[in-house]
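> based on what follows, work out the 3D shape:
(2 chains)
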Amino acid sequence: MINSKEGEENSSDIGTIIKIKYEGEINMSYVSVDSLVKKYGELTAVDHISFTVEKGEIFGLIGPNGAGKSTTLNVITTLTDFNGGEVIINELDIQKNRKNVKQLIGMVPQDIAIYDHLNALENVKFFASLYGLRGSNLMQNVQEALEFVGLSDKMKMKPKQMSGGMRRRLNIACGIAHNPQLIVLDEPTVGVDAQSREHILNSIRLLRDRGATVIYTSHYMQEVEEICDRIAIIDKGQMIACGTEPELVSMVTDVLTVYIETKIPLGFDRDVFSRKVKLMPGVKGVSIEGYNIRVDISVEQNSIERIIQEFIAQELPINSIKSEVPNLDTLFLTLTGRELR
Amino acid sequence: MLQIIIKEAKDFLRDKSNVFFFLIFPVLLVFLLGNLLSNLDKAEDTIGELRIHYMVETEEIMDIMAIDAFIEGVSDEQNILFIKTEDLDFSKEMVGEGDIAAAIVFTNSPMEIQIYEGMDRIKNRTISAIMSGFSQINRAVNVIVKSNPIAIMDSMNSVDSGASFIRQKDMGINRTMLDYYAITMMSMLSFMSIMLGTMCFLGERQFKTMRRLKIAPINQVKLFFAKVLGLLPQIILQISILMIVSVFVFGANYSSNLLDNLYLFFMFLVVTLTVILIGAVIGLYSKSNPTVITFPLVWVMMFLSGTYSKEIFIDGLSQYLPIYQIQEAAFNLAIFGRYDRANMVIIVCLILSLIMLVIGSIGFSRREEQ
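Numbering: from 1, shown residues only, chains lettered A, B, ... in the order given. Just a heads-up that it's a prediction; the model follows:
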């Protein structure tokens, strides 16, 4: 299930690109995307993307604007035809079993897709009814969905009367009321307050715990880190990395940066101290600016204890110490570049 | 499908602008236009007496018999007076001065009907409709004569022949401008429904709900049809309200015959459904809001078709506009009880609807939402 590096690291204008090829067991996957190609005229929006999503997994799909995320999601949700490759959902080829596949999917689009003239109950009821639910079964599912997103007491409220967060939650309810096995969430937390975001993220976890498979996209890296079991990074229509968060982080850097604030006495030989620390195993670099000392150390050979012992030996007081671990944000910017798109 | 129909009906009725534009506005227009104009010029608002000079040049005995039977039958009506003339030039002069409504010549074999019309368009329409009726009956009679002369002689000898064929209905009703606008407002309502059609898919895009519909496991052709069909209850509601309010509140007349009124209702129903389908297809294929073009276009067509004033008619243009044709069909049906043009309108509309349904369904199932 773990992705393997193909090996080479190519330098380019967007930073270091690590080519990843999935070599997992396709039969075990709930969603399998293999060499997917989608073109719009001359533009190749998705260029041979391959990944799999396991059943009951929250799979994050991230990438800059125009990277091909939405196109990939559109293909998976049967909204868009594709030019090459294969997409299998629950062992069903989406091109050959379109109707059966549609029944399995619940889509929560990035844009709030609800009718302003219908109240919350009517909105959810209408969309659930498109999946063949009728009568008491329909009503039960609708009520459960509204309860799930915390809108059970706002059933009669129209979207216009709702806050942004409530509308987002209603948007989710409309996509999950028919109990889909695969839920595709395209930036479901855009423009919501902290409380609603927390509620939405907890709801997604709960959906996963209930057995649903979730594909999740967001521009909020913290969210993706928080809830996704595995993450794929897409850029310029190609997949550039895929794996768990620690796996991804280790792909681009193994350096941990430690900042120590101290008080350096007069006559203290900074160069000697620097050289001494630099010689410690795992230390990649030392710099001193004023009272702040920055030390880059290897994640694998964490020598922070030795560094602190050296401070004590040199009678340097430690006012504060903080470390900066490379996170998904750093990784994302490293892989996709920092320039504006 | 039922869920979609219910949803569409709720969408329509809960939108206050729809209720105003499609239910209240046409009724108000019937009242305002009908009353204002009928009070301004009462004399012009009625068809009044039709004094017509006619000259018979034909020497064919069957034609002469048919003309006599026709004149006798039509003259039963109090409003129509046929006067035989031998001086066509004088009669034409009288037409020019407005002393008589028209001068008609039944030419020699093969018989043709030449009508020298006056300036009153309503009277001209009436005379044209009457003579068109005669022409068709006469043609039928001629066919029978050629194939079985005995049959036509039997027919001509029977009491009701001629008159019963060619009697024009409702000539006794004192027609007012309210009647005119009651019909033109129905056609306006029908053609304004193009907005409902375009909005039915534009609305889905506006609410961003198109994706949800397209990923749902329902047949896309069925979905397209259901969305259009979902507008049907409101069309029935619109036309019914307009007809009922026009007749029972404002005192307008369509036809005195219930069957004709039902047929008129049906014709407008078919026309409206066709217009909605055309609008839906336009809305489906348009990337931007097409009402910016369709709405003014429909208004210009209505204006040139005499929807807002019977005086507006541009020869060589107006009569070719679909709205004009539909209004003419409606007038023929409501005033003269003639079904031929209404039948034609219905047939053309049904063919157009079918074409639109096919184009729309294909477009809906193939179009990708970016």
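
> low-confidence bits of chain A, can you list those?
Along chain A, the parts satisfying pLDDT under 70 run over A:1-28, A:252-253, A:325-326, A:334-335, A:337-341.

> my guess is residue A:179 contacts residue A:141. True?
Yes. With contacts counted by CB atoms under 8 Å, residue A:179 reaches residue A:141, the gap being 6.5 Å. All C-beta atoms are positioned from the backbone trio N, CA, C, and that covers glycine.

> looking at those two, which one has more neighbours?
Neighbours per residue, other CB atoms under 10 Å in any protein chain shown: of residue A:179 and residue A:141, the larger number sits with residue A:141, 20 against 17.

> ok, the nearest residue to that one once chain neighbours are set aside - contacts?
Across the structure, with CB to CB, 6 or more residues apart in numbering or on different chains as the measure, the residue nearest residue A:141 apart from its sequence neighbours is residue A:177 (5.1 Å). With contact taken as CB atoms under 8 Å, 6 or more residues apart in numbering or on different chains, residue A:177 is in contact with A:124-125, A:127-128, A:133, A:141-142, A:144-145.

> apart from its chain neighbours, what residue comes closest to residue B:135?
If the residues on either side of it in the chain are set aside, residue B:135 comes closest to residue B:113, at 5.9 Å by CB to CB, 6+ apart.

> check contacts around the one you found.
Residue B:113 sits next to B:104-107, B:131, B:134-135 when contact means CB under 8 Å, 6+ apart.

> roughly how far apart are it and residue B:66?
Using CB to CB, to the nearest Å, one obtains 11 Å as the distance from residue B:113 to residue B:66.

> how about the helices in chain A?
In chain A, helices defined by DSSP state H lie at A:69-76, A:98-104, A:120-129, A:135-148, A:164-176, A:194-209, A:221-227, A:245-252, A:270-278, A:304-313, A:328-336, listed in chain order.

> if I pick the closest residue to residue A:254 other than its chain neighbours, what's in contact with it?
Beyond its immediate neighbours in the sequence, the residue positioned closest to residue A:254 (CB to CB, 6+ apart) is residue A:299, lying 4.7 Å away. Neighbour list for residue A:299: A:250, A:254-256, A:325 [criterion: CB under 8 Å, 6+ apart].

> okay, domains of chain B per the record?
B:2-41+B:176-366, B:50-160 (automatic domain parsing).

> can you pull the buried residues of stretch B:214-227?
Neighbour-count burial for stretch B:214-227, counted by 16 or more other CB atoms under 10 Å in any protein chain shown, picks out B:214-218, B:220, B:223-227.

> closest one of the contacts of residue B:113 to residue B:4?
Using CB to CB, residue B:135 is the member of the contacts of residue B:113 that sits closest to residue B:4, with 48.4 Å.

> wait, doesn't residue A:234 sit right on residue A:65?
No. Proximity of residue A:234 to residue A:65 does not meet the contact threshold set by CB under 8 Å, at 11.3 Å.

> between these two, who's got more neighbours?
When neighbours are counted by other CB under 10 Å, residue A:234 comes out ahead of the other of residue A:234 and residue A:65, with 25 against 9.

> so who does the more buried one touch?
Residues in contact with residue A:234 (CB under 8 Å, 6+ apart) are A:49, A:61-63, A:67-69, A:72, A:240.

> so which residues make contact with stretch A:203-217?
Outside of stretch A:203-217, the residues that reach it under the criterion CB under 8 Å, 6+ apart are A:30-31, A:53-62, A:69-70, A:73, A:76, A:110, A:148-149, A:169, A:172, A:176, A:180-188, A:224, A:227-228.

> what do you get for stretch A:72-84?
Where contact means CB under 8 Å, 6+ apart, the residues beyond stretch A:72-84 that reach it are A:31, A:33, A:35-39, A:46, A:48-49, A:61, A:71, A:87, A:89, A:94, A:98, A:101-102, A:105, A:107, A:182, A:184, A:186, A:215, A:217, A:234, B:211, B:214-215, B:368-369.

> give me that answer again for 6 Å
Stretch A:72-84 is touched from outside by A:36-39, A:46, A:94, A:98, A:101-102, A:105, A:107, A:184, A:186, B:214-215, B:368-369, with contacts defined as CB atoms under 6 Å, 6 or more residues apart in numbering or on different chains.

> where strands are concerned, which of those residues count?
Applying DSSP state E to those, the entries found in strands are A:36-39, A:46, A:105, A:107, A:184, A:186.

> and the stretch 101-250 of chain A, which residues reach chain B?
A:102-103, A:107, A:109, A:111, A:113, A:115, A:117, A:126-127, A:129-130 (CB under 6 Å from any CB of the partner chain).

> out of those, which one sits closest to residue B:360?
For residue B:360, the nearest member of those is residue A:130. The distance, counting by CB to CB, is 18.9 Å.

> which of the residues of the stretch 101-250 of chain A next to chain B are buried?
Of all these considered here, the ones buried according to neighbour count by 16+ other CB under 10 Å are A:102-103, A:107, A:109, A:113, A:115, A:117, A:126-127, A:129-130.

> and the residue nearest to residue B:135, how close does it get to residue B:71?
Between residue B:113 and residue B:71 the computed distance is 13 Å (CB to CB).

> repeat for residue A:243
Relative to residue B:71, residue A:243 is positioned 98 Å away (criterion: CB to CB).

> before we move on, what about residue B:87?
For residue B:87, the distance to residue B:71 equals 18 Å [CB to CB].

> who does the nearest residue to residue A:231 once chain neighbours are set aside bridge with?
Excluding its sequence neighbours, the residue lying closest to residue A:231 (CB to CB, 6+ apart) is residue A:60, at 4.1 Å. According to DSSP bridges, the residues that bridge with residue A:60 are residue A:216, residue A:231.
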